[in-house]
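Asker: no sequence for this one, just the structure:
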DNA sequence: TTACTATATGTCATATCTGACATATACTGG
DNA sequence: CCAGTATATGTCAGATATGACATATAGTAA
């Protein structure tokens, strides 16, 4: 993982404890977190591009403002399912999702 | 028609395009189900390519034979998170996952 | 037939996720 | 300063997913 990605993840609070522990993330764990990060960033970007507030998006998705905030923040309690369903609902195509993950 | 029945029918081999119309699935729901289907097929293919039984894979992933079977069957109780984590653990790259979804 | 192996299916206690809510923080323009 | 708006964060009851287990089904070989 390059430094930029590490920094992004660290900024989101994904360090489990010490920096050493962070560096000990397995390849699978890193890949999984990177995927979630990419999706959360895309959600925020899409919402802003549509000029929606988190509250408005929450209403459209039948969710809540706080959960939208957590999605965009890449919170641990947010599932890939919710991120993917939300992105599809906001108009991001399956194809685009694939590219994001790649 | 409830979602459980929709999922069952969709699983029985209806083609996606017509199934979406007939089953009254939204574009997002179809895309989501297609993604899960692609991932579940890849999991089965990867397991068989490695000549592992469901039981052996379950041990490796610290899961159970029944859950592996449900993952490969695209069961509605299986999350994208579990599918993705399992695929990453079995050696499928993030990049490959992206292509699968596309 | 029987015995064995692999996979599928149903159930359930527990773990995890979710929407909702309260509240905090940040940034406006009075 | 205040009031309004948007976003972030913490908590929790209820919803959903999980591994484990029992059991069913399918295929193979003796």
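Answerer: Here it is on my side, so go on. These figures come from a predicted structure and were not determined experimentally.
Asker: Show me what from chain A comes close to DNA strand C.
Answerer: A:58, A:61-67, A:76-79, A:81-82 (C-beta under 7 Å from any atom of the strand). Every C-beta, even on glycine, is put in place using the N, C-alpha and C of the backbone.
Asker: Report the separation between the nearest residue to residue A:98 once chain neighbours are set aside and residue B:54.
Answerer: Excluding the flanking residues, the one nearest residue A:98 by C-beta to C-beta, 6 or more residues apart in numbering or on different chains is residue B:102, at 3.1 Å. Spatial separation of residue B:102 from residue B:54 under the definition C-beta to C-beta, to the nearest Å is 27 Å.
Asker: quick one on the thing from earlier: widest-spaced pair of the residues of chain A next to DNA strand C?
Answerer: Maximum pairwise distance among the residues of chain A next to DNA strand C (C-beta to C-beta): 22.3 Å, between A:62 and A:76.
Asker: neighbour count winner among these two?
Answerer: residue A:76 (12 against 7; other C-beta atoms under 10 Å in any protein chain shown).
Asker: where does the more buried one land in three-state SS?
Answerer: For residue A:76, the assignment made with DSSP: H, G, I helix; E, B strand; the rest coil gives coil.
Asker: Give the buried residues for the longest helix seen in chain A.
Answerer: For chain A, the helix that runs over the most residues, judged by DSSP state H, is helix A:27-49. By neighbour count on 16 or more other C-beta atoms under 10 Å in any protein chain shown, the buried set for helix A:27-49 is A:28, A:30-40, A:42-44, A:46-47.
Asker: Between the two ends of stretch A:45-64, how far is it?
Answerer: One end of stretch A:45-64 sits 18 Å from the other (C-alpha to C-alpha, to the nearest Å).
Asker: quick one: is that stretch near chain B?
Answerer: No - Stretch A:45-64 stays clear of chain B (C-beta under 8 Å from any C-beta of the partner chain), getting no nearer than 10.4 Å.
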